[in-house]
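**Student:** kindly return the folded structure for what I paste below:
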Amino acid sequence: MIKILIADDHLIIRQGLRLIFETEDDFEVVAEATDGAEALRLCADLAPDVVLMDLRMPGMDGLTAIEKLRTTQSEVAVVILTTFNEDDLMLRGLQAGARGYLLKDTDRAALFDTVRAAARGETLLKPEIMARVISHAGTMTQSTAKTTASIALTEREQEVLVAVARGERSKEVALRLDISERTVKAHLASIYNKLGVDSRAAAIAIAARKGLLP
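**Tutor:** Numbering: from 1, shown residues only. From the prediction side, this is the model:
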C-alpha cells in the first residue's frame, strides 16, 4: 500500500484527488494539508510514502516545503502537482528533490504511474516535461558553463545519466548496457555525488542546466 499525503490549498482539488486514488487498491490517502508547513508536520507524524505537492500555496509554499523535506525526511518522495506551467519553478522543484512533475490536467494513468514510480524511489517525467528540462538548459549562463568543465563524468556514467533522463528504470538500464543493476546503482551514486544531488530528478535537472545531456 502506497501512503499518500495531498498538499493543496484548494479543497475541491484535494477531495477530487482523494476520490481518484480510492479507485485503486494500492493507494491510501492518509492526510491532506493546506500549505507547506502543515504538510511538513503531517509528514513528521504520518511518514507518507509520497507527497503530492502544489507549488503555490499561502503561508509556506510548496517549493520551500520540498527543500525542507529534503533535509528532514529525505525518504519521503515528492511529486509536484501544479496548475502553473512554468519552467523555472519546475527546474527548482526538481533540483530541490521532487521525483516528478505533473500538471493538474494530467490523466489518471500518468498520475498513477508517476506516484508508483516515486514510491519505488524512481523518477518518471513525461516526455514533454523532459523536453522542456533539456530545452531550458539552452539558456545556461556563461558562469554555469564554466562550472560544467569541473564535472567529470566517466563514459559509462554519461550513458547511465542519459538513460535515466529518458525515463529508463535501473533494471532497463542494466539490461541495455549489459551490466548488473547493482552496477547501475553504483554509477548513479557516483553521479549524484559529482552533481551534489540525492535524487534522479535533481540529477536530471542539474545535468540539463549544466549542458551534460545531449
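
**Student:** show me the beta-bridge partners of residue 2.
**Tutor:** Taking DSSP bridges as the rule, residue 2 bridges to residue 27.

**Student:** give the full set of residues in contact with it.
**Tutor:** Contact partners of residue 2, counting by CB atoms under 8 Å, 6 or more residues apart in numbering, are 26-28, 49-50, 115-116, 119. Any C-beta I mention is one placed from the backbone N, CA and C, and that applies to glycine too.

**Student:** same question for residue 97.
**Tutor:** Counted by CB under 8 Å, 6+ apart, residue 97 has contacts 66-67, 69-70, 74, 78, 197-199, 201-202.

**Student:** let's see 10 Å
**Tutor:** 66-67, 69-71, 74, 76-78, 197-199, 201-202, 205 (CB atoms under 10 Å, 6 or more residues apart in numbering).

**Student:** then residue 72?
**Tutor:** 40, 43-44.

**Student:** can I get the buried part of those as one ChimeraX selection?
**Tutor:** Of those, the buried ones can be selected in ChimeraX as follows, counting by 16 or more other CB atoms under 10 Å:
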select :40,43
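
**Student:** nearest to residue 124, out of the contacts of residue 72: which one, please.
**Tutor:** residue 43 (21.1 Å; CB to CB).

**Student:** how much space separates the residue lying closest to residue 104 once chain neighbours are set aside from residue 62?
**Tutor:** Leaving aside its chain neighbours, residue 104 sits nearest to residue 83 (5.1 Å; criterion: CB to CB, 6 or more residues apart in numbering). In this structure, residue 83 and residue 62 are 12 Å apart, going by CB to CB, to the nearest Å.

**Student:** do the same with residue 35
**Tutor:** Per CB to CB, residue 35 is found 9 Å from residue 62.

**Student:** between these two, which one's more packed in?
**Tutor:** The neighbour comparison of residue 35 against residue 62 (other CB atoms under 10 Å) goes to residue 62, with 29 against 19.

**Student:** which residues touch that one?
**Tutor:** With contact taken as CB under 10 Å, 6+ apart, residue 62 is in contact with 7-9, 33, 35-36, 39, 51-56, 78, 80-82, 89, 93, 96, 98.

**Student:** what's the PyMOL syntax to select whichever of those residues are buried?
**Tutor:** PyMOL command restricting the contacts of residue 62 to the buried ones, with burial defined by 16+ other CB under 10 Å:
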select buried, resi 7+8+9+33+35+36+39+51+52+53+54+55+78+80+81+82+89+93+96+98
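
**Student:** tell me which entries of the contacts of residue 62 lie within strands.
**Tutor:** Those of the contacts of residue 62 mapping onto strands are 7, 33, 51-53, 78, 80-82, per DSSP state E.

**Student:** CSV for those, including distance to residue 169 and pLDDT?
**Tutor:** Converted to CSV, the ones in strands among the contacts of residue 62 look like this (distance: CB to CB, whole Å; pLDDT from 0 to 100):
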residue, distance to residue 169, pLDDT
7, 27, 97
33, 30, 97
51, 22, 97
52, 21, 96
53, 23, 95
78, 19, 94
80, 20, 92
81, 22, 89
82, 25, 84
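
**Student:** residue 154: which of the residues you listed is nearest?
**Tutor:** Relative to residue 154, the closest of the ones in strands among the contacts of residue 62 is residue 78; by CB to CB it sits at 29.5 Å.
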